[in-house]
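Colleague: Structure of the sequence below:
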Amino acid sequence: MKDDSMLFRPPGAPVQRAAQASEVSGPGNAGNADKSLIALRTTVSVRKGDGSTRRKSCSLAVLAALSLQACQCLVTVPSKDTTGPTLTMDVYGLRWPPDPGNPPEEVSFGVGCCSISRPIALGQKLTLLAVAEDPESGTASVAMNARIVILCSLPNHGGYAHTDTVVIGESHSGVAVGVGSIQPYRLAAQGDFSVTRDYWTRACGRALSTPLWLSVEIFAVSRNGLDVVSTTQQLSLFYPTQSPPP
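Modeller: Here you go, the predicted model:
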């Protein structure tokens, strides 16, 4: 799938990084990677960037996505491979309708299927997990991105769009791509996402500016050792009214 992020993010638009956790199986981590993933499955705890841990609620299907089978954990990149990594993105915490009293649903996205659209409530937290595998050329990176677009209006000036790009979670092998490089078989990344009041404040902060619409596109992207890209279908979110009440 074509990565059209530049069509939505004007030059100089900020790229934010959300709180995230990732697991890497690669050079320098080969001896510990599988143990780390197993710990994530069994204890349901996530390492933060400062080395601390925090408890995470996670559905059984999300944990199953990290199930490790016997495999060669490191791959020597060949001279030719035209297919990108196998890639899935699981999203947990969606509610339909978006009411805290409704049970959360879990939705899985792959490269071929399927995009969906859902409303999202202010502060509603989604937990996301992306897993990429490539037994032929290894996996160099995996990331989950959110493009947040808010339409605002100005009297006598029409409307304008404000776009933020947020990295929800990412993981990298730390090795340059190319023939003969050694890449991990599998990479996984995890993170949380929620819509906050700050999005409207940053987007429609001009005097007399009025918010009209907020939408979010969330997807995962992965590159293998030959820089061949895979992208999942996307989760489209929208806020059901113009803006949250004051």
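
Colleague: hang on, residue 94 packs against residue 102?
Modeller: No: the pair residue 94 / residue 102 is not scored as a contact, 9.6 Å apart, by Cβ atoms under 8 Å. For glycine as for every other residue, the C-beta is placed from the backbone atoms N, C-alpha and C.

Colleague: From residue 244, how far off is the closest residue to residue 240 other than its chain neighbours?
Modeller: Of all residues not flanking residue 240 in the chain, residue 119 sits nearest, at 4.7 Å (Cβ to Cβ, 6 or more residues apart in numbering). Shown here: residue 119 relative to residue 244, a distance of 13 Å by Cβ to Cβ, to the nearest Å.

Colleague: ok so, going back, number of nearby residues for the residue nearest to residue 240?
Modeller: 15 (other Cβ atoms under 10 Å).

Colleague: thinking again about what came up before, in terms of neighbours, single out the busier of residue 94 and residue 102.
Modeller: A count of neighbours by other Cβ under 10 Å puts residue 94 above the other of residue 94 and residue 102, at 19 against 11.

Colleague: got the phi/psi numbers for the more buried one?
Modeller: phi -70, psi 140 (degrees, to the nearest 10).

Colleague: Now do the contacts for the closest residue to it other than its chain neighbours.
Modeller: Sequence neighbours aside, residue 105 is the residue nearest to residue 94 in space, at 5.0 Å (criterion: Cβ to Cβ, 6+ apart). By Cβ atoms under 8 Å, 6 or more residues apart in numbering, residue 105 lies in contact with 94, 95, 96.

Colleague: the helices in this structure, which residues?
Modeller: Remark: helices assigned in the chain by DSSP state H are 5-8, 30-43, 60-64, 198-203.

Colleague: dump the residue contacts of the residue lying closest to residue 238 once chain neighbours are set aside.
Modeller: Sequence neighbours aside, residue 215 is the residue nearest to residue 238 in space, at 4.8 Å (criterion: Cβ to Cβ, 6+ apart). Shown in contact with residue 215 (Cβ under 8 Å, 6+ apart): 148, 149, 236, 237, 238, 239.

Colleague: switch the cut-off to 10 Å
Modeller: Contact analysis of residue 215 by Cβ atoms under 10 Å, 6 or more residues apart in numbering lists 117, 120, 147, 148, 149, 150, 151, 161, 236, 237, 238, 239.

Colleague: count of residues packed around the closest residue to the second one other than its chain neighbours?
Modeller: Spelled out, it's residue 120. Nearest residue to residue 120, sequence neighbours excluded (Cβ to Cβ, 6+ apart): residue 237, at 4.4 Å. When neighbours are counted by other Cβ under 10 Å, residue 237 registers 24.

Colleague: Residue 115 is in contact with residue 237, correct?
Modeller: No: judged on Cβ atoms under 10 Å, residue 237 makes no contact with residue 115 at a distance of 11.7 Å.

Colleague: Report the set of residues contacting both of these two.
Modeller: By Cβ under 10 Å, 6+ apart, residue 237 and residue 115 have these common neighbours: residue 217.

Colleague: Show the pLDDT at residue 12.
Modeller: pLDDT for residue 12: 41.
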